[in-house]
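> Need coordinates for the following:
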Amino acid sequence: QVQLVESGGGLVQPGGSLRLSCAASVSGRLFKIYSMGWYRQAPGKQRELVADITSDGNTNYAESVKGRFTVSGDNAQHTVHLQMNSLKPEDTAVYFCNADAAVVEGGGVYDYDYWGQGTQVTVSS
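Coordinates of the predicted model:
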């Protein structure tokens, strides 16, 4: 099992910055974490990908955050961070950490999506 714990959300004025962090703790036998990233969900909207990073260091961003957000990770520490700059009111949402990880269970290796509990980001003056 993989548990994800997020930190760093809060209230910030438009144009400000926040840094989100997520750490994965593993119980049992981890085979590999393929990618970690961030999704967000605003009230009345579907959850959407914000940014993610693979174990090879490849990154992927939503168009709406390109040039403003930067995702980074540490494979050895099983952490992922999201540096958010030039924040806009439309960035207001609950941000969820996600990990795509394979664990060893019984006689096989199984791939799961894991989610954190979410952290609120509010951009408002």
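> Any buried residues in stretch 11-24, and which?
By 16 or more other CB atoms under 10 Å, the buried positions in stretch 11-24 come out as 12, 18, 20-24. Just so you know, the C-beta spots here come from the backbone N, C-alpha and C atoms, and that holds for glycine as well.
> The spatially most central residue of the chain in helix, strand or coil?
The residue lying closest to the centre of the chain (CA atoms, centre = their mean) is Trp38, at 2.5 Å. Of the three states, Trp38 takes strand under DSSP: H, G, I helix; E, B strand; the rest coil.
> quick one: the strands in this protein?
Using DSSP state E, the strands of the chain run over 2-7, 10-12, 18-26, 29-41, 48-54, 59-61, 69-74, 79-84, 93-105, 108-115, 119-123.
> Please tell me how far the residue of the chain most remote from its centre sits from Arg29.
Of all residues in the chain, Gly107 has its C-alpha farthest from the mean position, at 29.9 Å, by CA atoms, centre = their mean. Distance check for Gly107 against Arg29: by CB to CB, to the nearest Å, it reads 12 Å.
> Which two among the buried residues of stretch 11-24 are spaced furthest apart?
By the measure CB to CB, Val12 and Ala24 form the most distant pair in these, at 25.5 Å.
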